[in-house]
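# model this:
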Amino acid sequence: MIEHSDLAAWRPWSREWSTAWLLQALLPAVIVLERRFSLQSAMWRRRLLLHLLISVPFSLIHMLGMFGREKSPVTWRAGTATSVGSGSRSAMGT
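Okay, the predicted model is just below:
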């Protein structure tokens with residue numbers, strides 16, 4: 001049985017779309033990295049390490065973007081500001 005929550009209907013949609021837009025903004029950097037340091041070359045082992053190292057700042061930028069979205073004035077005005085990490089599971093009571 002599905003239980004209803006106090007989660008506004010627009011909230012999950014807003015989260016998913018803001019994530020998609022942020023990742024789309026980061027995509028040019030990913031494309032440049034892959035073109036310049038392709039894993040298809042003979043030096044793929046060394047380049048794999050570079051890709052792994054660059055994944056750390058990529059993840060941090062993504063996390064900061066999601067944190068910024070949750071703490072933005074738009075969510076304050078809507079009265080729906082939440083702490084980061086309170087995803088759909090906690091919002092739905094599971």
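# buried sites along the helix or strand hosting residue 58?
Following DSSP states H and E, the helix or strand that holds residue 58 is helix 44-70. Across helix 44-70, burial judged by 16 or more other CB atoms under 10 Å covers 47, 51, 65, 66, 69, 70. Yep, even glycine has a C-beta here, placed from its N, CA and C like the rest.
# Those: which two are farthest apart?
Spatially, the most separated pair among the buried residues of helix 44-70 is 47 and 70, at 34.6 Å (CB to CB).
# returning to that earlier point: tell me what the helix holding residue 58 is packed against?
helix 10-36 (3 or more CB pairs under 8 Å, 6 or more residues apart in numbering; DSSP states H and E).
# Is residue 50 in contact with residue 36, as I believe?
No - between residue 50 and residue 36 there is no contact under CB atoms under 8 Å: 9.8 Å.
# remind me which residues of this protein are low pLDDT?
Counting by pLDDT under 70, the chain contains low-confidence residues at 1-7, 72-94.
# just to revisit the earlier point, specify which member of the buried residues of helix 44-70 is nearest to residue 13.
residue 69 (12.9 Å).
# Enumerate every residue touching the closest residue to that closest one other than its chain neighbours.
Closest residue to residue 69 apart from its sequence neighbours, by CB to CB, 6 or more residues apart in numbering: residue 18 at 4.9 Å. By CB atoms under 8 Å, 6 or more residues apart in numbering, the contact set of residue 18 is 65, 66, 69.
# Would you agree residue 48 is in contact with residue 41?
No - assessed by CB under 8 Å, residue 48 is found out of contact with residue 41, at 10.8 Å.
# Next, show the common contact partners of the two.
Joint contacts of residue 48 and residue 41 (CB under 8 Å, 6+ apart) do not exist.
# Give me the distance between residue 15 and residue 38.
For residue 15, the distance to residue 38 (CB to CB, to the nearest Å) stands at 33 Å.
# Now do the phi/psi pair for residue 41.
The phi and psi values for residue 41, taken as degrees, to the nearest 10, are phi -80, psi 170.
# can you count the residues close to it?
9 (other CB atoms under 10 Å).
# Quick check: closest non-adjacent residue to it.
Ranked by CB to CB, 6+ apart and with sequence neighbours excluded, the top spatial neighbour of residue 41 is residue 47, at 6.8 Å.
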